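>>> based on what follows, work out the 3D shape:
(one chain, ligands or ions: 1)
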Amino acid sequence: MSLRERLQQNEILVAPGVYDGLTSAIASEAGFEALYLSGAAVAYTRLGRPDIGLTSVSEMTDTMALIRDRIDLPVIVDADTGFGNALNAQRTMRFYERAGASALQVEDQTFPKRCGHLSDKSLIPASEMAGKIAAMADARKSSETLIIARTDAIAVEGFNAALDRANAYVEAGADVLFIEAPRSGDELREIPQHFNGRVPLLANMVEGGATPLKGAVDLEELGYSIVIFPGGIVRALAKTAGEYYSSLKTNGSNRPFADRMFDFDGLNDRIGTKEMLAIGQSFEGKK
Ligand SMILES: C[C@](O)(C(=O)O)[C@H](CC(=O)O)C(=O)O
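Model prediction:
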């Protein structure tokens with residue numbers, strides 16, 4: 001089922017953040033129907049840096065291609081600002097689509113962007129963003145590749161201006177709206193009331209960010225169609241990694257940490273080593 005078809009169902013789509021083949025494989029095994037390739041998660045893990053526009057379109061495209069080679073689920077990919085103007089955004093559309101993206105999320109910040117939950121953001125004019133969305137729609141090979149328009153206006157121009165921008169982005173051809181960082185339960189509630197089912201809405205849950213955290217059931221009830229949990233996996237893994245390395249440094253051995261990690265077979269089971277080797281052998285005429 002395409003992402004577009006899935007969004008016609010009433011049940012909210014929960015897309016966890018991923019950033020490589022391993023996280024995608026594990027998330028897919030956990031039973032999710034779609035994944036979110038988070039720019040923040042790529043910046044955090046590959047660069048060890050904040051989400052402030054440092055990652056390139058090539059790094060994101062490579063990551064998308066690796067994920068597509070590993071799993072079959074629809075992947076929503078973070079395209080940040082499109083990595084420049086409308087022409088850059090078209091190139092990003094072509095790259096991501098070829099790498100296997102099912103949806104691109106593009107935002108109206110100036111370049112270099114910053115995480116929507118950091119302060120001091122700035123925006124391009126709404127008309128320029130509308131042009132970027134139209135340019136991306138023009139560049140896509142398949143109308144099944146969705147354009148998710150994000151506005152960061154709440155923090156910069158206020159709540160009503162964000163709604164105005166979002167309306168303009170739907171006019172320009174956005175398939176889904178992502179109003180970034182509502183600051184209260186009221187704002188979170190008012191967004192679906194305003195759009196009243198006219199366009200699917202995405203909610204973004206960032207642990208410790210500007211928006212009160214809600215679960216998928218509550219967000220579905222409010223009227224959201226998609227919820228992403230983009231950076232949760234990195235926050236979980238970074239905590240474990242810190243504890244793991246300090247335990248190894250202190251103890252000179254992984255024995256005290258053994259019940260918190262896979263052993264050799266455990267990890268191989270997780271990533272399907274046996275099955276893969278068997279496929280390889282079958283092509284070598286050994287079985
Ligand atoms: C959605 C987001 O753009 C991302 O890169 O995943 C980030 C999330 C985060 O920083 O945790 C965002 O700007 O909200």
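>>> what residues does the stretch 1-150 of the chain have near the ligand?
38-40, 51, 78, 115-117 (CB under 6 Å from any ligand atom). Yep, even glycine has a C-beta here, placed from its N, CA and C like the rest.
>>> most neighbours of all these, which one?
Most neighbours among these, by other CB atoms under 10 Å: residue 38, with 31 neighbours.
>>> verify the stated contact: that one with residue 235.
No - look at residue 38 against residue 235 with CB atoms under 8 Å: they stay out of range, at 11.5 Å.
>>> which SS class is residue 142?
coil (DSSP: H, G, I helix; E, B strand; the rest coil).
>>> show the pLDDT at it.
On the pLDDT scale, residue 142 is placed at 97.
>>> pull the contacting residues for it.
Counting by CB atoms under 8 Å, 6 or more residues apart in numbering, residue 142 touches residue 97.
>>> cool, and residue 131?
Taking CB under 8 Å, 6+ apart, we find residue 131 in contact with 86, 172.
>>> isn't there a helix covering it?
Yes - read with three-state DSSP, residue 131 is one of the residues of a helix.
>>> how much space between it and residue 79?
Remark: distance between residue 131 and residue 79 (CB to CB, to the nearest Å) = 15 Å.
>>> make sure residue 68 is indeed in a strand.
No - per three-state DSSP, residue 68 lies outside any strand segment and is helix.
>>> quick one, what contacts it?
75, 99-100.
>>> in strands, which of those residues appear?
Mapping those onto strands (DSSP state E) picks out residue 75.
>>> residue 243: which of the contacts of residue 68 is nearest?
Lowest distance from residue 243 to the contacts of residue 68 (CB to CB) belongs to residue 75, with 29.9 Å.
>>> so which strand or helix has the residue most central in space within the chain?
Geometric centre of the chain, nearest residue: residue 36, 3.2 Å, by CA atoms, centre = their mean. Using DSSP states H and E, the element containing residue 36 is strand 35-37.
>>> in its sheet, what does that strand sit against?
When pairs are called by DSSP bridges, strand 35-37 turns out to pair with strand 13-18 (parallel), strand 75-78 (parallel).
>>> packed most tightly, which of those would that be?
Comparing the strands paired with strand 35-37 by mean neighbour count (mean count of other CB atoms under 10 Å), strand 75-78 comes out on top with a mean of 26.
>>> list the contacts of that strand.
By CB under 8 Å, 6+ apart, the surrounding residues in contact with strand 75-78 are 3, 15, 18, 24, 34-40, 42, 60, 64, 67-68, 96, 100-105, 146, 148, 226, 228, 230.
>>> how about 6 Å then?
With contacts defined as CB atoms under 6 Å, 6 or more residues apart in numbering, strand 75-78 is touched by 15, 35-39, 64, 67, 96, 101-105.
>>> check the average confidence over it, would you?
Confidence for strand 75-78, expressed as mean pLDDT, is 98.
>>> go on, stretch 168-182?
Averaged over stretch 168-182, pLDDT sits at 98.
>>> residues touching the residue nearest to residue 49 when sequence neighbours are not counted, list them.
Nearest residue to residue 49, sequence neighbours excluded (CB to CB, 6 or more residues apart in numbering): residue 43, at 5.3 Å. Contact partners of residue 43, counting by CB under 6 Å, 6+ apart, are 49, 51, 54-55.
>>> drop anything exposed from those.
With burial judged by 16 or more other CB atoms under 10 Å, the buried subset of the contacts of residue 43 is 51, 55.
>>> still on that earlier bit, in CSV: the residues of the stretch 1-150 of the chain next to the ligand, plus secondary structure.
Shown next, in CSV, are these (three-state DSSP):
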residue, secondary structure
38, coil
39, helix
40, helix
51, coil
78, strand
115, coil
116, coil
117, coil
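>>> most widely separated two among these?
By the measure CB to CB, 78 and 117 form the most distant pair in those, at 13.9 Å.
>>> care to break the chain down by domain?
Listed by the TED database, the domain ranges of the chain are 3-231, 238-283.
>>> could you work out the end-to-end span of the longest one for me?
The one in question is domain 3-231. Length of domain 3-231, first residue to last, CA to CA, to the nearest Å: 22 Å.
>>> distance between that domain and the chain's centre?
6 Å (CA atoms, centre = their mean, to the nearest Å).
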